[in-house]
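A.B. asks: Got a predicted model here, sequence first, then my questions.
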There are 4 protein chains.
Amino acid sequence: MTEQTWSQPITKIEPNKVAVRGYPIDQLMGRVPFAHVVYLVLKGELPNEAHGRVMDAILVSSVDHGATPPSALAARTVASGGAPLTTGIAAGIMTINRHHGGAIEGCMQVLLEAVALKREKASGPTKPGQDALTAARELVAGYRAGKKRIPGYGHRVHTDDPRTRKLFAIGEQEGVAGEYVEMGGAIRQAMHETLGKDLPMNVDGAIAAVLCEMDFPPEMGNGLFAIARTVGLTAHVFDEITRQRPMRRISPTEQTYDGPPERSL
Amino acid sequence: MTEQTWSQPITKIEPNKVAVRGYPIDQLMGRVPFAHVVYLVLKGELPNEAHGRVMDAILVSSVDHGATPPSALAARTVASGGAPLTTGIAAGIMTINRHHGGAIEGCMQVLLEAVALKREKASGPTKPGQDALTAARELVAGYRAGKKRIPGYGHRVHTDDPRTRKLFAIGEQEGVAGEYVEMGGAIRQAMHETLGKDLPMNVDGAIAAVLCEMDFPPEMGNGLFAIARTVGLTAHVFDEITRQRPMRRISPTEQTYDGPPERSL
Amino acid sequence: MTEQTWSQPITKIEPNKVAVRGYPIDQLMGRVPFAHVVYLVLKGELPNEAHGRVMDAILVSSVDHGATPPSALAARTVASGGAPLTTGIAAGIMTINRHHGGAIEGCMQVLLEAVALKREKASGPTKPGQDALTAARELVAGYRAGKKRIPGYGHRVHTDDPRTRKLFAIGEQEGVAGEYVEMGGAIRQAMHETLGKDLPMNVDGAIAAVLCEMDFPPEMGNGLFAIARTVGLTAHVFDEITRQRPMRRISPTEQTYDGPPERSL
Amino acid sequence: MTEQTWSQPITKIEPNKVAVRGYPIDQLMGRVPFAHVVYLVLKGELPNEAHGRVMDAILVSSVDHGATPPSALAARTVASGGAPLTTGIAAGIMTINRHHGGAIEGCMQVLLEAVALKREKASGPTKPGQDALTAARELVAGYRAGKKRIPGYGHRVHTDDPRTRKLFAIGEQEGVAGEYVEMGGAIRQAMHETLGKDLPMNVDGAIAAVLCEMDFPPEMGNGLFAIARTVGLTAHVFDEITRQRPMRRISPTEQTYDGPPERSL
């Protein structure tokens, strides 16, 4: 049986040449920051400065969240059996799915749906923001009736997540804040009216909103989160292998922080 | 049985506070580039500008190498069975080990060993570079006698790898080029004398040399490679899931590139 | 934060006592065959002799299918990077999903749906098999209209799969062949009438039918397949690590068999 | 670049034919028990009745050990993020390594080393068992001097593990108890003399001893354990997905058993 030729659009390899989405890699090295290269590899085009800064902020926001997320625990647990570093990291990455980081993709889907609804219904002169709120109310009612949760709102630990505030601020500052960021706020308001509870957007929701602004597909949401979180996972698994006893009972709650004390840039 | 308290030095989480190695994450976002945050998370301290640029170049150099490395093939193959994006990415990361990306760790070990040997034997005034070459010859002879390969030299595809040249150039320019980069060259020369073959350092060897200059532990080598390669793997798995037929025979050789044509910054 | 107590119904561990679904493990060892213990662990109860033999046949049927399924290729590819045996096996298991082995779960869902439809509509005296065929035609028409595939029929390689014939024969012989096996045939006939193509049930479909007869939940389908296939994957990864060159290009098609010649029991 | 043909000795696939190590799979189904097929796939030959029963007992002994082994915890943790069943099972399998199940391989290496030492030194008429004890003392002294642990002895929970007793009893009964089982006991005695502590062989050690009797390679040890443990992992992940809340804090210690009460065959 003959092999079927297939093609991929990411990187071209020839002897002594490596071109990522068309750009020679030695041109990118030292001239295009890593976060912008992440954007290039995923989107196929280099970001402008504004998009580059927002992507950089997204990645930094998600590098780590301590030892209690299931990805960190899974990674450490696999390593405690004696697995190599990359096997432990991989276990952490596999944990990123519907319930963990998956809110990014889920929230992007909702935002896209709500903005499409708004555009459909838009007619004549309206008060700024009214179209968004109208569509949001309709969507929230529909989700409520179908008993479907809207991902991207509320958080187990943070009521005023510094990552969310900062990401929206950077988005605002860079002009990466339009229909989708607006809709994120409209959905929050609509849910408040319906549920009587104010659930601010969490960092997954904020990331979802700005990724929609930058025209990324929802199905890439978990991937972006994985790219960022691989960083923290590497540190956690390295710590597990070098500083902790093998086969230990890893309590998800009885753990403390013993790293550098709080400090400022 | 009571839980045993344990501690980790990476990230401190409190309500509305996330501090990575002591730095509030919303201070890092927008002010410290992602590559510098990678350095911070792994090393525990922020890099100076020179180290930051070298780390950035290391990460960019390793984002992807097309569809033929086993990590990309494993990732695509797992995805073709219907696995989610992160499960596919994880399979790619698990492939990074002794033979794939593992040369970084292996070469770091050799460089550390060789430089330690050089320092041991250093005595009185010597010609610049002589101490390094002497130690390199002794180490190479020892490895040859023990039939042990020295990782970080030679490459399947590239005889003059643009990534290697560029990384050494950036290292030179940023002053991140000392005993270890020197020893990398000395080992190349010693192997040339012994084997009659000139095997230039490959990109794994170059990364190993500059990571030694920046005082990273060898055992973190595969982790650095994993962080960078997660980017390419995400794009490859996304391509597999969205553009390719499920359960296809993925030929590692009959593939072409169909992305953006060659272009310059 | 205090730990939340939780419970699991599978195995009870106390000092010097291991009880699997209530049975002391040293009573099971040597008295209950492994395949029956698989049934016990998954179902919660020991099988009667008939169910035990059918479960045993299911597991044997799926131990391996050579080096070309994506699970075997993924496992070998990960191992070729230098990963340990279990990391390679794990990569193979992760590949078992919607498109690979996943037909078991998908087909079980369809059979359950069709039999439920048949029971709903059953009324008065009917010709044997007529109720099943009527429901099958309705289901097939519905799936066709919704452009949904019915898993469990047809095969890439085998037009008369020996595993399918044998499994149905054993099921028949052991009395594990009722409404669901009947429906499997009815759906085949209904599809033949509609598509003009005769697609016999493949081994996934046969396994699905008898698992329904034995009252297993569909969501366990991939798990049963994983348990069986771990056996072949272990052998493939062991072969990759011990007999093949590292980092080799693993062609999914240019491979031959060089094991023991054909022989009979 | 042309594909390189390669070969594998496990299963031959042709249209309508599946032959495992030479035996048509439909001959094996219903006639050769699953545990014997495991032996065949891994060893390349069918077991005789004695070996078949011992292999069956090994597999049953290792199907599960509750929710606290790191493999079960890793599997459940990955599943709690929303990963599919097989991704969770895979995480559990990846955890099987040097410290978890890995004692099988490690202990096999030690037993092979000790028996080789005994055979080397055997000369003239000796008291039964004396040669073994002499070699054991020498090996234990050597390991002690090199600060190397001997795997396969002692256990976190069980001082008189029912699985160990039963496996040795079955081995004895089936005549699968020779030099290696003897050496297992000799090493225990030698360690008792040296350490002042009596560490009975644990189940990993017992499995190691009988696998050596049956001439399996040590490097397959983790694979055998993985094949058996996939069964328990499937049940644990299925339980996690169907009965537990997503993203829950999975305490490794605050868990109880709520399955069927203790009962006898």
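C.D. replies: Perfect, thanks for sending it. Numbers count the residues shown, from 1 in each chain, chains lettered A, B, ... in the order given.

A.B. asks: Low-confidence ranges, chain A, go.
C.D. replies: Along chain A, the model assigns pLDDT under 70 to residues A:1-3, A:123-128.

A.B. asks: show me the contacts for the spatially most central residue of it.
C.D. replies: A centroid search over chain A (CA atoms, centre = their mean) returns A:Phe225, at 4.3 Å, as the residue closest to the centre. Neighbouring residues of A:Phe225 by CB atoms under 8 Å, 6 or more residues apart in numbering or on different chains: A:62, A:96, A:101, A:104, A:204, A:207. (Each C-beta comes from the backbone N, C-alpha and C, glycine too.)

A.B. asks: Work out for me the element it sits within.
C.D. replies: helix A:221-243 (DSSP states H and E).

A.B. asks: buried stuff in that helix?
C.D. replies: For helix A:221-243, burial by neighbour count (16 or more other CB atoms under 10 Å in any protein chain shown) applies to A:221-241.

A.B. asks: Farthest-apart pair in the contacts of A:Phe225, please.
C.D. replies: With CB to CB as the measure, no two of the contacts of A:Phe225 lie farther apart than A:Ile96 and A:Ile207, at 13.0 Å.

A.B. asks: circling back to that earlier point, ok, how many other residues are close to the residue lying closest to the residue nearest to the centre of chain A once chain neighbours are set aside?
C.D. replies: Leaving out its chain neighbours, the residue that sits closest to A:Phe225 by CB to CB, 6 or more residues apart in numbering or on different chains is A:Gly101, at 3.8 Å. Using other CB atoms under 10 Å in any protein chain shown, A:Gly101 has 28 other residues around it.

A.B. asks: Surely A:Gly101 and A:Ile207 touch.
C.D. replies: No. Applying CB atoms under 8 Å as the test, A:Gly101 and A:Ile207 come out as separate, 9.3 Å apart.

A.B. asks: Now do the shared contacts for those two.
C.D. replies: In contact with both A:Gly101 and A:Ile207: A:62, A:221, A:225, using CB under 8 Å, 6+ apart.

A.B. asks: Just the closest of those to C:Glu182, please.
C.D. replies: Set against C:Glu182, the nearest of the shared contacts of A:Gly101 and A:Ile207 by CB to CB is A:Gly221 (44.4 Å).

A.B. asks: Quick check: that closest one vs chain C, distance?
C.D. replies: Per CB to the nearest CB, to the nearest Å, A:Gly221 is found 19 Å from chain C.

A.B. asks: do A:Leu42 as well
C.D. replies: Taking CB to the nearest CB, one finds A:Leu42 at 22 Å from chain C.

A.B. asks: if you skip the residues just before and after it, what's nearest to that residue?
C.D. replies: That would be B:Ala235: by CB to CB, 6+ apart, it lies 5.7 Å from A:Leu42.

A.B. asks: What residues does the one you found make contact with?
C.D. replies: A:10, A:41-42, B:64.

A.B. asks: Can I get those residues in a markdown table including secondary structure and neighbour count?
C.D. replies: Converted to a markdown table, the contacts of B:Ala235 look like this (DSSP: H, G, I helix; E, B strand; the rest coil; neighbours: other CB atoms under 10 Å in any protein chain shown):
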| residue | secondary structure | neighbour count |
| --- | --- | --- |
| A:Ile10 | coil | 27 |
| A:Val41 | helix | 23 |
| A:Leu42 | helix | 22 |
| B:Asp64 | coil | 25 |
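
A.B. asks: Which two of those residues have the greatest separation?
C.D. replies: Farthest pair in the contacts of B:Ala235, by CB to CB: A:Leu42 and B:Asp64, 10.8 Å.

A.B. asks: Now do the shared contacts for these two.
C.D. replies: Taking CB under 8 Å, 6+ apart as the contact rule, A:Leu42 and B:Asp64 both touch B:231, B:235.

A.B. asks: The helix or strand hosting A:Lys118 packs against which elements?
C.D. replies: Applying DSSP H and E as the criterion places A:Lys118 in helix A:103-121. Packed against helix A:103-121 by the contact rule (3 or more CB pairs under 8 Å, 6 or more residues apart in numbering or on different chains; DSSP states H and E) you find helix A:130-145, helix A:179-195, helix A:203-213, helix A:221-243.

A.B. asks: which stretch among those comes nearest C:Pro69?
C.D. replies: With CB to CB, the closest approach to C:Pro69 among those belongs to helix A:221-243: 25.7 Å.

A.B. asks: Toward the C-terminus from the closest one, list the very next helix or strand.
C.D. replies: As the chain continues past helix A:221-243, the following element, by DSSP H and E, is strand A:255-257.

A.B. asks: Please name the nearest non-neighbouring residue to the residue in the stretch 101-250 of chain A that chain D sits nearest to.
C.D. replies: Among the residues of the stretch 101-250 of chain A, A:Pro246 lies nearest to chain D; the distance is 4.2 Å by CB to the nearest CB. Excluding the flanking residues, the one nearest A:Pro246 by CB to CB, 6+ apart is D:His99, at 4.2 Å.

A.B. asks: Who are the contact partners of that neighbour?
C.D. replies: Taking CB under 8 Å, 6+ apart as the test, what D:His99 contacts is A:80-82, A:246-247.

A.B. asks: next one: A:Leu133
C.D. replies: Here A:Leu133 is in contact with A:186, A:189-190 (criterion: CB under 8 Å, 6+ apart).

A.B. asks: quick one: A:Val60 and B:Ala35 touch, right?
C.D. replies: No. Judged on CB under 8 Å, A:Val60 makes no contact with B:Ala35 at a distance of 10.1 Å.

A.B. asks: and A:Ser7, backbone torsions?
C.D. replies: Listed backbone geometry of A:Ser7 is phi -140, psi 150, with angles given as degrees, to the nearest 10.

A.B. asks: burial of the nearest residue to it once chain neighbours are set aside, as a residue count?
C.D. replies: Distances taken as CB to CB, 6+ apart put B:Asp258 closest to A:Ser7, at 3.9 Å, once the chain neighbours are dropped. Each residue near B:Asp258 was counted by other CB under 10 Å, and the total is 12.

A.B. asks: before we move on, what about A:Val140?
C.D. replies: Applying other CB under 10 Å, we find 23 other residues in the vicinity of A:Val140.

A.B. asks: cool, the one 3 residues further on as well?
C.D. replies: Burial measure for A:Tyr143: 18 neighbouring residues, criterion other CB under 10 Å.

A.B. asks: cool, and A:Arg21?
C.D. replies: For A:Arg21, using other CB under 10 Å, the count is 22.

A.B. asks: Of the contacts of A:Leu133, which is the nearest to A:Asp160?
C.D. replies: Looking across the contacts of A:Leu133 and measuring by CB to CB, the closest to A:Asp160 is A:Gln189, at 17.2 Å.

A.B. asks: wait, the closest one sits on A:Ala132?
C.D. replies: No. Between A:Gln189 and A:Ala132 there is no contact under CB under 8 Å: 9.3 Å.

A.B. asks: Which one's more surrounded, these two?
C.D. replies: Using other CB under 10 Å, the more surrounded residue of A:Gln189 and A:Ala132 is A:Ala132, with 25 against 16.
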